[in-house]
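> Sequence below, structure please.
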Amino acid sequence: MSRSFWITALVAFVNALSLTILIPVLYLYGRQFGLTDFQTSLLFSTYAIAQFFSTPIIGKLSDRFGRKPLLIISLAGTVIANLIAGTATTALVLFLARFLDGITGGNASVAQAIISDVTTPANRARGFGILGSAFGLGFVVGPAMSLFAQQISLGATFLMSGAIALIALLITIFYLPETLKHKTEKSHSIFDLGLENLIKGLTIPKIGILLIINFLIGTTFTIFTYAFQPYFIQMLDQDNKALTMMFLLFGALGVAMQTWGIPLLARKFNLVMILLLSLLVRSVSFLLMPVWANITYFVIVSILFSLFNSLVQPMINTLISLNAKPQDQGTMMGLNSSYLSVSNAFGPVIAGLLIRESQPETYRYPLYLAGVLTFLVLVLAISTRKHYQPQLSTDHDP
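Residues are numbered from 1 along each chain as shown. Down below sits the predicted model:
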(Lines give C-alpha, C1' and ligand atoms only; values in the text may rest on other atoms or scores of the structure.)
Protein backbone atom coordinates (compact mmCIF):
# COMPACT_ATOMS: atom_id res chain seq x y z
CA MET A 1 0.00 0.00 0.00
CA SER A 2 1.23 3.48 -0.89
CA ARG A 3 1.99 6.45 1.36
CA SER A 4 -1.17 8.18 0.10
CA PHE A 5 -3.20 5.15 1.15
CA TRP A 6 -1.94 5.16 4.72
CA ILE A 7 -2.36 8.93 5.06
CA THR A 8 -5.97 8.55 3.86
CA ALA A 9 -6.53 5.74 6.38
CA LEU A 10 -5.15 8.01 9.12
CA VAL A 11 -7.45 10.83 8.03
CA ALA A 12 -10.38 8.37 8.04
CA PHE A 13 -9.50 7.30 11.58
CA VAL A 14 -9.27 10.87 12.87
CA ASN A 15 -12.48 11.78 11.07
CA ALA A 16 -14.21 8.73 12.56
CA LEU A 17 -13.16 9.92 16.02
CA SER A 18 -14.76 13.27 15.29
CA LEU A 19 -18.01 11.55 14.32
CA THR A 20 -18.24 8.86 16.99
CA ILE A 21 -17.58 11.28 19.85
CA LEU A 22 -20.99 12.77 19.08
CA ILE A 23 -22.99 9.53 18.91
CA PRO A 24 -23.63 9.18 22.67
CA VAL A 25 -24.58 12.84 23.25
CA LEU A 26 -26.56 14.15 20.27
CA TYR A 27 -29.93 13.04 21.64
CA LEU A 28 -29.20 14.37 25.13
CA TYR A 29 -27.84 17.63 23.72
CA GLY A 30 -31.04 18.15 21.75
CA ARG A 31 -33.13 17.52 24.85
CA GLN A 32 -31.00 20.08 26.68
CA PHE A 33 -32.38 22.70 24.27
CA GLY A 34 -35.94 21.67 25.13
CA LEU A 35 -36.55 19.60 21.99
CA THR A 36 -39.17 16.87 22.08
CA ASP A 37 -38.37 13.29 21.04
CA PHE A 38 -39.81 13.96 17.59
CA GLN A 39 -37.86 17.20 17.19
CA THR A 40 -34.69 15.43 18.28
CA SER A 41 -35.26 12.78 15.60
CA LEU A 42 -35.40 15.66 13.10
CA LEU A 43 -31.99 16.72 14.40
CA PHE A 44 -30.68 13.35 13.25
CA SER A 45 -32.59 13.51 9.98
CA THR A 46 -31.37 17.02 9.12
CA TYR A 47 -27.77 15.80 9.01
CA ALA A 48 -28.62 12.63 7.05
CA ILE A 49 -30.80 14.38 4.46
CA ALA A 50 -28.22 17.13 3.92
CA GLN A 51 -25.60 14.43 3.29
CA PHE A 52 -27.95 12.68 0.87
CA PHE A 53 -27.98 15.68 -1.45
CA SER A 54 -24.40 16.85 -0.93
CA THR A 55 -22.28 13.70 -1.15
CA PRO A 56 -22.82 13.00 -4.87
CA ILE A 57 -22.00 16.64 -5.61
CA ILE A 58 -18.82 16.48 -3.53
CA GLY A 59 -17.88 13.14 -5.08
CA LYS A 60 -18.35 14.37 -8.63
CA LEU A 61 -16.55 17.64 -7.97
CA SER A 62 -13.64 15.56 -6.67
CA ASP A 63 -13.56 13.84 -10.07
CA ARG A 64 -13.38 17.27 -11.71
CA PHE A 65 -11.11 19.31 -9.44
CA GLY A 66 -9.23 16.63 -7.50
CA ARG A 67 -9.62 14.72 -4.24
CA LYS A 68 -7.56 16.97 -1.98
CA PRO A 69 -9.45 20.28 -2.46
CA LEU A 70 -12.82 18.65 -1.81
CA LEU A 71 -11.55 16.74 1.21
CA ILE A 72 -10.22 20.01 2.63
CA ILE A 73 -13.56 21.77 2.10
CA SER A 74 -15.47 18.87 3.65
CA LEU A 75 -13.28 18.65 6.76
CA ALA A 76 -13.31 22.44 7.19
CA GLY A 77 -17.12 22.30 7.17
CA THR A 78 -17.07 19.76 9.99
CA VAL A 79 -14.69 21.91 12.04
CA ILE A 80 -16.86 25.03 11.67
CA ALA A 81 -20.15 23.16 12.18
CA ASN A 82 -19.03 21.54 15.44
CA LEU A 83 -17.67 24.84 16.73
CA ILE A 84 -21.09 26.39 16.08
CA ALA A 85 -22.93 23.45 17.64
CA GLY A 86 -20.72 23.41 20.73
CA THR A 87 -21.36 27.10 21.41
CA ALA A 88 -25.00 27.19 20.30
CA THR A 89 -27.47 29.04 22.51
CA THR A 90 -30.68 28.18 20.64
CA ALA A 91 -32.10 25.06 19.02
CA LEU A 92 -32.26 26.86 15.65
CA VAL A 93 -28.49 27.42 15.68
CA LEU A 94 -28.00 23.76 16.57
CA PHE A 95 -30.12 22.69 13.59
CA LEU A 96 -28.16 25.01 11.31
CA ALA A 97 -24.89 23.53 12.58
CA ARG A 98 -26.07 19.97 11.90
CA PHE A 99 -27.21 21.03 8.42
CA LEU A 100 -23.80 22.58 7.69
CA ASP A 101 -22.01 19.45 8.90
CA GLY A 102 -24.21 17.31 6.66
CA ILE A 103 -24.00 19.49 3.56
CA THR A 104 -20.19 19.50 3.72
CA GLY A 105 -19.88 15.96 5.10
CA GLY A 106 -18.84 14.14 1.95
CA ASN A 107 -15.36 13.31 3.18
CA ALA A 108 -16.13 9.58 3.38
CA SER A 109 -16.90 9.39 -0.34
CA VAL A 110 -13.76 11.35 -1.20
CA ALA A 111 -11.64 9.06 1.01
CA GLN A 112 -13.16 6.04 -0.73
CA ALA A 113 -12.36 7.59 -4.11
CA ILE A 114 -8.74 8.08 -3.02
CA ILE A 115 -8.54 4.41 -2.06
CA SER A 116 -9.86 3.57 -5.53
CA ASP A 117 -7.18 5.83 -7.06
CA VAL A 118 -4.23 4.26 -5.27
CA THR A 119 -5.17 0.55 -5.23
CA THR A 120 -5.36 -2.03 -8.00
CA PRO A 121 -8.58 -3.99 -8.59
CA ALA A 122 -6.94 -7.07 -7.11
CA ASN A 123 -6.16 -5.49 -3.72
CA ARG A 124 -9.05 -3.03 -3.53
CA ALA A 125 -11.09 -5.22 -1.17
CA ARG A 126 -8.17 -5.23 1.26
CA GLY A 127 -7.86 -1.45 0.85
CA PHE A 128 -11.51 -0.86 1.69
CA GLY A 129 -11.22 -3.34 4.54
CA ILE A 130 -8.36 -1.35 6.08
CA LEU A 131 -10.30 1.88 5.55
CA GLY A 132 -13.26 0.27 7.32
CA SER A 133 -11.04 -0.91 10.16
CA ALA A 134 -9.70 2.65 10.54
CA PHE A 135 -13.28 3.82 10.97
CA GLY A 136 -13.97 0.92 13.32
CA LEU A 137 -10.97 1.84 15.46
CA GLY A 138 -12.37 5.36 15.65
CA PHE A 139 -15.65 3.81 16.77
CA VAL A 140 -13.77 2.16 19.64
CA VAL A 141 -11.85 5.22 20.80
CA GLY A 142 -14.53 7.86 20.07
CA PRO A 143 -17.12 6.92 22.72
CA ALA A 144 -14.39 6.70 25.37
CA MET A 145 -13.23 10.21 24.50
CA SER A 146 -16.85 11.33 24.55
CA LEU A 147 -17.20 10.17 28.16
CA PHE A 148 -14.19 12.32 29.05
CA ALA A 149 -15.61 15.40 27.28
CA GLN A 150 -19.02 14.94 28.92
CA GLN A 151 -17.39 15.52 32.30
CA ILE A 152 -17.08 19.15 31.17
CA SER A 153 -20.38 19.54 29.32
CA LEU A 154 -22.36 18.08 26.43
CA GLY A 155 -21.34 21.05 24.30
CA ALA A 156 -17.69 20.28 25.00
CA THR A 157 -18.04 17.03 23.05
CA PHE A 158 -18.81 19.04 19.90
CA LEU A 159 -15.79 21.27 20.53
CA MET A 160 -13.58 18.20 20.97
CA SER A 161 -15.05 16.72 17.80
CA GLY A 162 -14.24 19.92 15.93
CA ALA A 163 -10.68 19.95 17.28
CA ILE A 164 -10.11 16.37 16.11
CA ALA A 165 -11.55 17.19 12.67
CA LEU A 166 -9.08 20.10 12.56
CA ILE A 167 -6.23 17.61 13.02
CA ALA A 168 -7.53 15.62 10.03
CA LEU A 169 -7.76 18.86 8.05
CA LEU A 170 -4.14 19.79 8.80
CA ILE A 171 -2.92 16.29 7.89
CA THR A 172 -4.75 16.57 4.58
CA ILE A 173 -3.38 20.03 3.79
CA PHE A 174 0.27 19.32 4.58
CA TYR A 175 0.78 15.60 3.93
CA LEU A 176 -1.80 14.20 1.48
CA PRO A 177 -0.80 14.46 -2.20
CA GLU A 178 -3.36 14.68 -4.98
CA THR A 179 -4.21 11.15 -6.20
CA LEU A 180 -6.54 11.86 -9.12
CA LYS A 181 -4.70 11.34 -12.41
CA HIS A 182 -7.54 11.68 -14.93
CA LYS A 183 -9.97 14.53 -14.29
CA THR A 184 -13.39 14.60 -15.93
CA GLU A 185 -14.34 17.28 -18.43
CA LYS A 186 -16.00 20.46 -17.14
CA SER A 187 -19.19 19.88 -19.08
CA HIS A 188 -21.74 19.39 -16.33
CA SER A 189 -23.78 21.99 -14.52
CA ILE A 190 -24.27 22.01 -10.78
CA PHE A 191 -27.87 20.93 -11.37
CA ASP A 192 -26.59 17.80 -13.10
CA LEU A 193 -24.65 16.98 -9.94
CA GLY A 194 -27.72 16.97 -7.69
CA LEU A 195 -31.06 15.18 -7.61
CA GLU A 196 -31.02 14.41 -11.32
CA ASN A 197 -27.70 12.62 -10.92
CA LEU A 198 -29.06 10.65 -7.96
CA ILE A 199 -31.90 9.37 -10.10
CA LYS A 200 -29.64 8.66 -13.07
CA GLY A 201 -27.34 6.72 -10.76
CA LEU A 202 -30.00 4.05 -10.36
CA THR A 203 -29.91 3.38 -14.12
CA ILE A 204 -26.13 2.88 -14.35
CA PRO A 205 -25.38 -0.75 -15.29
CA LYS A 206 -24.09 -2.79 -12.31
CA ILE A 207 -23.90 0.33 -10.11
CA GLY A 208 -27.64 1.06 -9.87
CA ILE A 209 -28.58 -2.26 -8.27
CA LEU A 210 -25.72 -1.92 -5.77
CA LEU A 211 -26.99 1.54 -4.78
CA ILE A 212 -30.47 0.10 -4.18
CA ILE A 213 -29.08 -2.81 -2.16
CA ASN A 214 -26.92 -0.50 -0.05
CA PHE A 215 -29.83 1.87 0.60
CA LEU A 216 -31.91 -1.06 1.87
CA ILE A 217 -28.96 -2.39 3.88
CA GLY A 218 -28.52 1.02 5.50
CA THR A 219 -32.22 1.34 6.32
CA THR A 220 -32.43 -2.07 7.99
CA PHE A 221 -29.21 -1.46 9.89
CA THR A 222 -30.33 1.90 11.29
CA ILE A 223 -33.57 0.28 12.45
CA PHE A 224 -31.31 -1.95 14.55
CA THR A 225 -28.98 0.81 15.73
CA TYR A 226 -31.89 2.91 16.97
CA ALA A 227 -33.57 -0.02 18.76
CA PHE A 228 -30.38 -1.55 20.17
CA GLN A 229 -29.81 1.01 22.93
CA PRO A 230 -33.29 1.08 24.53
CA TYR A 231 -33.53 -2.73 24.28
CA PHE A 232 -30.12 -3.14 25.93
CA ILE A 233 -30.95 -0.74 28.76
CA GLN A 234 -34.65 -1.43 29.31
CA MET A 235 -35.07 -5.12 28.48
CA LEU A 236 -31.66 -6.35 29.62
CA ASP A 237 -31.52 -3.98 32.62
CA GLN A 238 -28.08 -2.62 31.77
CA ASP A 239 -26.55 0.83 32.28
CA ASN A 240 -24.66 3.33 30.14
CA LYS A 241 -21.28 1.91 31.18
CA ALA A 242 -22.24 -1.54 29.94
CA LEU A 243 -23.62 0.02 26.75
CA THR A 244 -20.28 1.75 26.14
CA MET A 245 -18.51 -1.58 26.61
CA MET A 246 -20.75 -3.08 23.93
CA PHE A 247 -19.76 -0.30 21.53
CA LEU A 248 -16.12 -1.00 22.32
CA LEU A 249 -16.69 -4.72 21.68
CA PHE A 250 -18.37 -4.04 18.33
CA GLY A 251 -15.58 -1.72 17.29
CA ALA A 252 -12.72 -4.00 18.37
CA LEU A 253 -14.14 -7.08 16.63
CA GLY A 254 -14.90 -5.02 13.53
CA VAL A 255 -11.32 -3.75 13.34
CA ALA A 256 -9.93 -7.27 13.70
CA MET A 257 -12.26 -8.70 11.05
CA GLN A 258 -11.68 -5.92 8.54
CA THR A 259 -7.91 -6.00 8.99
CA TRP A 260 -7.27 -9.75 9.03
CA GLY A 261 -10.58 -11.42 8.20
CA ILE A 262 -11.15 -9.86 4.78
CA PRO A 263 -7.78 -10.93 3.28
CA LEU A 264 -8.34 -14.46 4.63
CA LEU A 265 -11.88 -14.75 3.27
CA ALA A 266 -10.95 -13.10 -0.05
CA ARG A 267 -8.50 -15.94 -0.72
CA LYS A 268 -11.28 -18.53 -0.45
CA PHE A 269 -14.43 -16.72 -1.61
CA ASN A 270 -15.28 -14.06 -4.18
CA LEU A 271 -16.53 -10.66 -3.04
CA VAL A 272 -20.18 -11.37 -3.80
CA MET A 273 -20.17 -14.58 -1.74
CA ILE A 274 -18.62 -12.73 1.22
CA LEU A 275 -21.34 -10.06 0.96
CA LEU A 276 -24.14 -12.65 0.82
CA LEU A 277 -22.72 -14.59 3.78
CA SER A 278 -22.43 -11.40 5.81
CA LEU A 279 -26.02 -10.42 5.09
CA LEU A 280 -27.23 -13.89 6.08
CA VAL A 281 -25.42 -13.75 9.43
CA ARG A 282 -26.65 -10.18 10.02
CA SER A 283 -30.27 -11.21 9.36
CA VAL A 284 -30.10 -14.29 11.61
CA SER A 285 -28.41 -12.25 14.36
CA PHE A 286 -31.14 -9.60 14.34
CA LEU A 287 -33.79 -12.32 14.65
CA LEU A 288 -31.96 -14.13 17.46
CA MET A 289 -31.09 -11.09 19.61
CA PRO A 290 -34.56 -10.45 21.10
CA VAL A 291 -35.53 -14.12 21.51
CA TRP A 292 -34.17 -14.36 25.08
CA ALA A 293 -33.74 -11.29 27.29
CA ASN A 294 -30.49 -12.49 28.86
CA ILE A 295 -27.29 -10.43 28.82
CA THR A 296 -24.91 -13.40 28.32
CA TYR A 297 -26.98 -14.72 25.43
CA PHE A 298 -27.18 -11.24 23.90
CA VAL A 299 -23.41 -10.72 24.07
CA ILE A 300 -22.75 -14.09 22.39
CA VAL A 301 -25.12 -13.28 19.51
CA SER A 302 -23.64 -9.78 19.30
CA ILE A 303 -20.13 -11.18 18.88
CA LEU A 304 -21.27 -13.30 15.93
CA PHE A 305 -23.13 -10.31 14.52
CA SER A 306 -20.26 -7.83 14.83
CA LEU A 307 -17.73 -10.12 13.15
CA PHE A 308 -19.72 -10.51 9.94
CA ASN A 309 -21.51 -7.18 10.04
CA SER A 310 -18.14 -5.44 9.67
CA LEU A 311 -17.71 -7.06 6.23
CA VAL A 312 -20.86 -5.69 4.61
CA GLN A 313 -19.85 -2.11 3.83
CA PRO A 314 -16.29 -2.87 2.62
CA MET A 315 -17.73 -5.45 0.20
CA ILE A 316 -20.34 -3.02 -1.14
CA ASN A 317 -17.73 -0.27 -1.53
CA THR A 318 -15.37 -2.61 -3.34
CA LEU A 319 -18.04 -3.92 -5.72
CA ILE A 320 -19.10 -0.39 -6.63
CA SER A 321 -15.49 0.65 -7.16
CA LEU A 322 -14.68 -2.35 -9.35
CA ASN A 323 -17.76 -1.78 -11.50
CA ALA A 324 -17.05 1.96 -11.97
CA LYS A 325 -14.70 3.60 -14.47
CA PRO A 326 -11.45 5.01 -13.02
CA GLN A 327 -12.48 8.60 -13.84
CA ASP A 328 -15.88 8.16 -12.15
CA GLN A 329 -14.74 6.75 -8.80
CA GLY A 330 -15.55 9.91 -6.85
CA THR A 331 -18.98 10.22 -8.47
CA MET A 332 -19.92 6.62 -7.75
CA MET A 333 -18.66 6.75 -4.16
CA GLY A 334 -20.55 9.99 -3.68
CA LEU A 335 -23.77 8.39 -4.92
CA ASN A 336 -23.18 5.41 -2.67
CA SER A 337 -22.57 7.57 0.41
CA SER A 338 -25.59 9.67 -0.47
CA TYR A 339 -28.04 6.78 -0.57
CA LEU A 340 -26.50 5.34 2.58
CA SER A 341 -26.89 8.72 4.29
CA VAL A 342 -30.58 9.08 3.50
CA SER A 343 -31.18 5.56 4.79
CA ASN A 344 -29.99 6.89 8.16
CA ALA A 345 -32.99 9.23 8.17
CA PHE A 346 -35.55 6.45 7.60
CA GLY A 347 -34.38 3.68 9.92
CA PRO A 348 -34.74 5.46 13.28
CA VAL A 349 -38.17 6.81 12.34
CA ILE A 350 -39.42 3.31 11.42
CA ALA A 351 -38.05 1.84 14.65
CA GLY A 352 -39.41 4.70 16.73
CA LEU A 353 -42.92 4.13 15.41
CA LEU A 354 -42.84 0.54 16.70
CA ILE A 355 -41.68 1.29 20.24
CA ARG A 356 -44.03 2.20 23.09
CA GLU A 357 -42.46 2.99 26.46
CA SER A 358 -45.56 1.74 28.26
CA GLN A 359 -45.23 -1.64 26.52
CA PRO A 360 -41.73 -3.08 27.13
CA GLU A 361 -42.28 -5.97 24.71
CA THR A 362 -42.34 -3.49 21.83
CA TYR A 363 -38.58 -2.99 22.24
CA ARG A 364 -38.21 -6.36 20.52
CA TYR A 365 -40.24 -5.45 17.46
CA PRO A 366 -37.67 -3.32 15.59
CA LEU A 367 -35.04 -6.06 15.98
CA TYR A 368 -37.38 -8.67 14.51
CA LEU A 369 -38.32 -6.28 11.72
CA ALA A 370 -34.64 -5.55 10.96
CA GLY A 371 -33.99 -9.30 10.71
CA VAL A 372 -36.88 -9.98 8.34
CA LEU A 373 -36.10 -6.99 6.12
CA THR A 374 -32.39 -7.87 6.00
CA PHE A 375 -33.32 -11.37 4.86
CA LEU A 376 -35.41 -9.84 2.05
CA VAL A 377 -32.41 -7.70 1.06
CA LEU A 378 -30.35 -10.90 0.98
CA VAL A 379 -32.89 -12.46 -1.39
CA LEU A 380 -32.65 -9.39 -3.64
CA ALA A 381 -28.84 -9.52 -3.57
CA ILE A 382 -28.83 -13.22 -4.49
CA SER A 383 -31.33 -12.82 -7.33
CA THR A 384 -29.43 -9.90 -8.88
CA ARG A 385 -25.85 -11.01 -8.22
CA LYS A 386 -25.08 -11.67 -11.89
CA HIS A 387 -25.80 -8.00 -12.63
CA TYR A 388 -23.11 -6.64 -10.31
CA GLN A 389 -20.49 -9.41 -10.28
CA PRO A 390 -17.27 -7.61 -11.33
CA GLN A 391 -15.02 -8.93 -14.07
CA LEU A 392 -11.54 -8.35 -12.70
CA SER A 393 -9.89 -9.32 -15.95
CA THR A 394 -11.42 -6.32 -17.72
CA ASP A 395 -10.92 -3.80 -14.96
CA HIS A 396 -8.45 -0.97 -15.50
CA ASP A 397 -5.57 -0.61 -13.13
CA PRO A 398 -5.70 2.87 -11.64
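
> mind listing the helices in the stretch 101-250 of the chain by residue range?
Ranges of helices within the stretch 101-250 of the chain are 107-118, 124-150, 154-175, 195-201, 207-230, 240-256, based on DSSP state H, counting those that start in this stretch.

> Which stretch among the ones you listed is buried most, on average?
Counting by mean count of other C-beta atoms under 10 Å, helix 107-118 has the highest mean neighbour count of the helices of the stretch 101-250 of the chain, with a mean of 28. No exception for glycine: its C-beta is placed from N, CA and C like everyone else's.

> contacts for that one?
Outside of helix 107-118, the residues within contact range by C-beta atoms under 8 Å, 6 or more residues apart in numbering are 1-2, 4-5, 8, 11-12, 15, 55-56, 58-59, 62-63, 67, 70-71, 74-75, 78, 124, 127-128, 131, 179-181, 317, 321, 324, 326, 329-330, 333-334, 336-338, 398.

> among the residues you listed, which ones are buried?
Buried members of the contacts of helix 107-118, counted by 16 or more other C-beta atoms under 10 Å: 4-5, 8, 11-12, 15, 55-56, 58-59, 62-63, 67, 70-71, 74-75, 78, 124, 127-128, 131, 179-180, 317, 321, 324, 326, 329-330, 333-334, 336-338, 398.

> hmm, back to that, looking at the helices of the stretch 101-250 of the chain, which has the lowest confidence?
Among the helices of the stretch 101-250 of the chain, helix 195-201 carries the lowest mean pLDDT, at a mean of 70.

> May I ask which helix or strand encompasses Lys268?
For Lys268, there is no helix or strand it lies in under DSSP states H and E.

> Could you check how far it is from Ala111?
Per C-beta to C-beta, to the nearest Å, Lys268 is found 28 Å from Ala111.

> got any ranges where this protein has weak pLDDT?
1, 37-38, 106, 182-198, 240, 330, 357-358, 392-398 (pLDDT under 70).

> before we move on, back to that, looking at the helices of the stretch 101-250 of the chain, spot the one closest to Ser278.
Nearest to Ser278 among the helices of the stretch 101-250 of the chain is helix 207-230 (9.8 Å), distances taken as C-beta to C-beta.

> Just confirm Thr89 is within a strand.
No: counting by DSSP: H, G, I helix; E, B strand; the rest coil, Thr89 is located in no strand; its state is coil.

> How much space separates it from Ala149?
Applying C-beta to C-beta to Thr89 and Ala149 gives a distance of 19 Å.
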